[in-house]
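S.K.: everything below, folded, please.
(chains A and B)
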Protein chains: 2
Amino acid sequence: MEVINLNDKYATFTDHWNPRLIGSLNGQAVKIAKVKGEFVWHDHKDEDELFHVIKGTLEIQFRDRTETIREGEMIIVPKGVEHKPVAKEEVWILLFEPMETKHTGDVIHELTQTKIDTI
Amino acid sequence: MEVINLNDKYATFTDHWNPRLIGSLNGQAVKIAKVKGEFVWHDHKDEDELFHVIKGTLEIQFRDRTETIREGEMIIVPKGVEHKPVAKEEVWILLFEPMETKHTGDVIHELTQTKIDTI
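M.R.: Got it, this is the predicted structure:
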């Protein structure tokens, strides 16, 4: 059991769209990522996903609309809902989701990470 | 699906040690609370609990030591570990835990809330 300082964790990497695991509880993962640019359309068939914006402004495109999530805001994307995160400038996000969730869902894309580092 | 603004949610109540539900996913609850003063010693037999400090400085006493969690920091308290949160000044916390978790565990105390409001 240790105190997790988010700024310290974000300081350990600079790449985008590559989530790191910073903790887990009850089978759920706590991950952080820096994102910039456009991600890939995907969904998670069986898992809801929480995006909490720690720094910056994230847009998430859905098939019928776009939501803007600013610093201090969060959104829960239900399972099966296609979404595409977009960050015009760098955004720092905190994710809560099941340990088994893959960040591009079942989509294989050049951004797909096949493993996740624990920091 | 809606964007959840934490400051807006905190603005809806002023009482202490009374968590509100602001979202749920995968059987897990996302709760917020304002806390001030001393809480009660308790544990959660089957559930890990995440404390994320949004504003202020939280101390959590454990039987063998005390941890200080500042704004932008979090700690995951494993199931079965006795803990007692203490806030010298008001602290705003974000909690992530299973939906069934009771905030005082199996302890019945004057601070125990028997229901949780969704805001």
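
S.K.: count of neighbours near the closest residue to residue A:62 other than its chain neighbours?
M.R.: Spatial nearest neighbour of residue A:62, excluding adjacent residues (Cβ to Cβ, 6 or more residues apart in numbering or on different chains): residue A:83 at 5.7 Å. For the C-beta atoms, the positions are set from N, CA and C on the backbone; glycine is no exception. Applying other Cβ atoms under 10 Å in any protein chain shown, we find 22 residues neighbouring residue A:83.

S.K.: centroid-nearest residue for chain A?
M.R.: residue A:95 (4.8 Å; Cα atoms, centre = their mean).

S.K.: please name the nearest non-neighbouring residue to it.
M.R.: In space, residue A:95 comes closest to residue A:31 once its chain neighbours are excluded; the distance is 4.3 Å by Cβ to Cβ, 6+ apart.

S.K.: can you map out the strands along chain A?
M.R.: A:4-5, A:20-25, A:28-38, A:49-55, A:57-61, A:66-70, A:73-77, A:84-98, A:117-118 (DSSP state E).

S.K.: for residue B:107, find the nearest of the ones you listed.
M.R.: strand A:20-25 (20.7 Å; Cβ to Cβ).

S.K.: what strands flank that closest one, and is each parallel or antiparallel?
M.R.: If you go by DSSP bridges, strand A:20-25 pairs up with strand A:28-38 (antiparallel), strand A:117-118 (parallel).

S.K.: list the contacts of the residue nearest to the centre of chain A.
M.R.: A:19, A:29-33, A:49-52 (Cβ atoms under 8 Å, 6 or more residues apart in numbering or on different chains).

S.K.: how about 10 Å then?
M.R.: Taking Cβ atoms under 10 Å, 6 or more residues apart in numbering or on different chains, we find residue A:95 in contact with A:19-22, A:29-33, A:49-52, A:101, A:103.

S.K.: what's the answer for residue A:97, then?
M.R.: Residues in contact with residue A:97 (Cβ under 10 Å, 6+ apart) are A:19, A:28-31, A:44, A:47-51, A:76-77, A:103, B:25-26, B:28.

S.K.: report the buried members of these.
M.R.: Among the contacts of residue A:97, those buried by neighbour count (16 or more other Cβ atoms under 10 Å in any protein chain shown) are A:19, A:28-31, A:44, A:47-51, A:76-77, A:103, B:25-26, B:28.

S.K.: turn the strands of chain A into CSV, columns for mean pLDDT.
M.R.: Shown next, in CSV, are the strands of chain A (pLDDT from 0 to 100):
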stretch, mean pLDDT
strand A:4-5, 98
strand A:20-25, 97
strand A:28-38, 97
strand A:49-55, 98
strand A:57-61, 98
strand A:66-70, 98
strand A:73-77, 98
strand A:84-98, 97
strand A:117-118, 92
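
S.K.: and the ones you listed as JSON lines, adding distance to residue B:118?
M.R.: Shown next, in JSON lines, are these (distance: least, Cβ to Cβ, whole Å):
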{"stretch": "strand A:4-5", "distance to residue B:118": "27"}
{"stretch": "strand A:20-25", "distance to residue B:118": "22"}
{"stretch": "strand A:28-38", "distance to residue B:118": "20"}
{"stretch": "strand A:49-55", "distance to residue B:118": "16"}
{"stretch": "strand A:57-61", "distance to residue B:118": "23"}
{"stretch": "strand A:66-70", "distance to residue B:118": "20"}
{"stretch": "strand A:73-77", "distance to residue B:118": "13"}
{"stretch": "strand A:84-98", "distance to residue B:118": "18"}
{"stretch": "strand A:117-118", "distance to residue B:118": "33"}
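
S.K.: what's the closest of those strands to residue B:87?
M.R.: Smallest distance to residue B:87 across those (Cβ to Cβ): 18.7 Å, for strand A:4-5.
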